[in-house]
Structure formats: C-alpha cells, structure tokens
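Novice: Kindly generate the corresponding structure for this input.
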Amino acid sequence: MKVILLRDVPNTGKKHDVKDVSPGFARNFLISKGLAIVADESSLKNLEAKKKADSEKAEQELKETEKVVSKLDGTEVEILVKAGKEGQLFESINKQKVSEHLKEIGFNVSKDQVDLKTPIKETGEFPIKLKLEHGLEAGITIIISKKEE
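Specialist: Numbers count the residues shown, from 1 in each chain. Model prediction:
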C-alpha cells in the first residue's frame with residue numbers, strides 16, 4: 001500500500017516521502033496515528049503542489065537572507081561600555097548583547113546566530129561571524145569602546 005508520510009517516521013522515511021508499506025502497518029500505525037495518508041491521485045497532486053510552494057518559499061527566503069548578508073558583511077558595530085583604566089570591562093559582551101545591538105541598527109539577528117566563542121571582556125576591535133539561515137555567513141566587526149563619564 002502506498003502512503004504519503006506527513007512527518008518523519010524512524011526506519012520508514014522522511015516527511016513528504018511516498019512509501020510502499022504493508023497494508024497492516026499503514027492502517028494500524030501510520031494512518032491511525034496521523035503519520036501518513038493514503039497515496040491516491042488527489043493526495044499526490046496536493047503533495048506536488050505543496051512541494052512546489054515550499055520550494056518557492058525557500059527560494060524567496062534565500063534571496064532575502066542574501067540581501068541581509070550583503071548589507072551586514074563588513075559592518076562595524078560600536079558598543080559603548082563602562083571600563084576600567086586598563087580597558088577591562090565592568091560587564092562582558094556576550095552573544096545576547098551583540099544581537100541586541102544589531103537589532104538596534106535594524107538587523108534581526110538572534111543570539112544563536114552570533115558565533116562568539118567566549119564573551120568579550122576588554123576594549124578593542126573583534127571580528128565576529130554571523131551564521132544565518134541557508135548556511136550563509138556574514139563577518140562583522142564589534143568595536144568595544146569605553147563610555148566617557
């Protein structure tokens with residue numbers, strides 16, 4: 001019996017795969033648990049339309065992400081913080097703070113997309129990579145400056 005998987009099913013297949021399984025497995029497990037539907041003519045047409053729509057959506061998202069990367073790449077972000085005489089910071093700059101400063105200048109970047117191994121604890125310039133959707137990366141420079149009091 002041919003079925004279309006609605007979700008990933010271990011040892012059977014991935015979402016949207018058309019699989020030939022035993023009728024008992026299909027009726028008693030896959031269909032009854034909402035993991036698959038019978039692969040008839042109309043459901044196969046719907047699947048193709050959905051795959052096409054998903055493909056177009058992914059292509060559009062890729063173009064938008066490429067635009068963001070081109071704007072972000074090479075950007076310098078200055079962060080003013082309180083620091084001691086030797087340049088040591090009173091607070092460390094972590095992924096969250098970098099993300100917040102990028103949002104302030106108009107880039108919607110989550111803290112999970114900031115590739116910062118350890119928090120920054122001194123003034124200076126620090127190159128940082130941003131790992132965005134679709135495997136795209138952008139390089140920015142974080143400039144940590146002492147706030148004048």
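
Novice: Tell me which stretches of this protein form strands.
Specialist: 2-5, 18-20, 36-38, 76-81, 88-93, 114-115, 120-122, 124-131, 137-146 (DSSP state E).

Novice: Generate TSV for those, with distance to S99 and mean pLDDT as supplementary columns.
Specialist: (C-beta placed from N, C-alpha, C; glycine too.) Shown next, in TSV, are the strands of the chain (distance: least, CB to CB, whole Å; pLDDT from 0 to 100):
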stretch	distance to S99	mean pLDDT
strand 2-5	36	93
strand 18-20	41	93
strand 36-38	40	94
strand 76-81	11	89
strand 88-93	11	87
strand 114-115	6	92
strand 120-122	14	90
strand 124-131	9	93
strand 137-146	11	91
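
Novice: so which of those gets nearest H101?
Specialist: Shortest distance between H101 and the strands of the chain, using CB to CB, is found for strand 76-81: 5.4 Å.

Novice: related to what we said a few turns ago, ranking the strands of the chain by burial, who's on top?
Specialist: Stretch with highest mean neighbour count among the strands of the chain: strand 2-5 (a mean of 20; mean count of other CB atoms under 10 Å).

Novice: Alpha carbons only: can I get that strand in PDB?
Specialist: What follows is strand 2-5, C-alpha atoms only, in PDB (Å, rounded to 0.1, in the frame of the first residue of the first chain):
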ATOM      1  CA  LYS A   2       1.400   3.400  -1.000                       C
ATOM      2  CA  VAL A   3       1.300   6.200   1.600                       C
ATOM      3  CA  ILE A   4       2.500   9.800   1.900                       C
ATOM      4  CA  LEU A   5       4.300  10.500   5.100                       C
END
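
Novice: which residues sit against that strand?
Specialist: 12-21, 26, 30-31, 35-39, 43-44, 47 (CB atoms under 8 Å, 6 or more residues apart in numbering).

Novice: What of stretch 128-135?
Specialist: Counting by CB under 8 Å, 6+ apart, 61-62, 65, 68-69, 72, 98, 109, 113-116, 137-142 sit against stretch 128-135.

Novice: okay, how far is it across stretch 115-129, tip to tip?
Specialist: One end of stretch 115-129 sits 5 Å from the other (CA to CA, to the nearest Å).

Novice: Equivalent analysis for stretch 14-23, please.
Specialist: 19 Å.

Novice: and what of stretch 3-21?
Specialist: End to end - CA to CA - stretch 3-21 spans 7 Å.
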